[in-house]
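[1] Next comes the sequence, and after it the predicted model I'd like to discuss.
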Amino acid sequence: MTAIFLPGPPVVDLDDDPTDLVEVTDLVCPGCAGPVADAPPSGWPARAGRPPEFSHLDGSVLCPDRFGRVPEPVEAAGLRYGLTDAGGAVSLDEARGWSA
C-alpha cells in the first residue's frame with residue numbers, strides 16, 4: 001500500500017472540540033422550540049435501542065421530524081422567529097440547512 005501525502009495545512013474538525021460546549025439551557029427542541037433536559041426520555045422501550053440523550057422537560061421524546069426520527073436539540077440562538085397571518089412561526093436558521 002502506498003500513502004500519498006498532499007501539501008497544505010492539516011484539516012481540523014472543530015465540531016469535536018471539547019472546549020466548544022453548549023449549555024443545555026441554550027438548547028431547544030427543533031420541532032416545538034421548547035426547552036430540553038439533558039436526560040433520556042422516560043419510558044423509552046428497550047426494544048427501540050439506545051435512548052436519545054435529550055428529552056423535553058416533562059420527560060417526553062423530542063418532537064420527531066417528518067420521517068419519524070428523534071432529532072438532536074439545537075441552539076436557541078439558531079432559531080428565527082417570524083409572525084404570519086396564522087400566528088407565530090419558528091424555523092431554524094437557513095444557514096444551518098434546516099427549515100420548518
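    Arrived safely, thanks for sending. Numbering: from 1, shown residues only.
[2] correct me, but Asp65 touches Gly31?
    Yes. Taking contacts as C-beta atoms under 8 Å, Asp65 lies within contact range of Gly31: 7.2 Å. Yep, even glycine has a C-beta here, placed from its N, CA and C like the rest.
[3] With neighbour numbers in mind, choose between those two.
    Gly31 (18 against 13; other C-beta atoms under 10 Å).
[4] In contact with the more buried one, which residues?
    Gly31 makes contact with Leu62, Cys63, Pro64, Asp65, Pro71 under the criterion C-beta atoms under 8 Å, 6 or more residues apart in numbering.
[5] Against Ala37, how distant is it?
    Going from Gly31 to Ala37 by C-beta to C-beta, to the nearest Å gives 15 Å.
[6] from memory Gly59 sits against Trp44, does it?
    No. Using C-beta under 8 Å, Gly59 is not in contact with Trp44; the gap is 9.7 Å.
[7] Who has more neighbours out of those two?
    Shown here are Gly59 and Trp44; by other C-beta under 10 Å, Trp44 has more neighbours (16 against 13).
[8] confidence score at that one?
    Looking at Trp44, its pLDDT is 91.
[9] Now it. Nearest residue, chain neighbours left out?
    Pro51 (3.9 Å; C-beta to C-beta, 6 or more residues apart in numbering).
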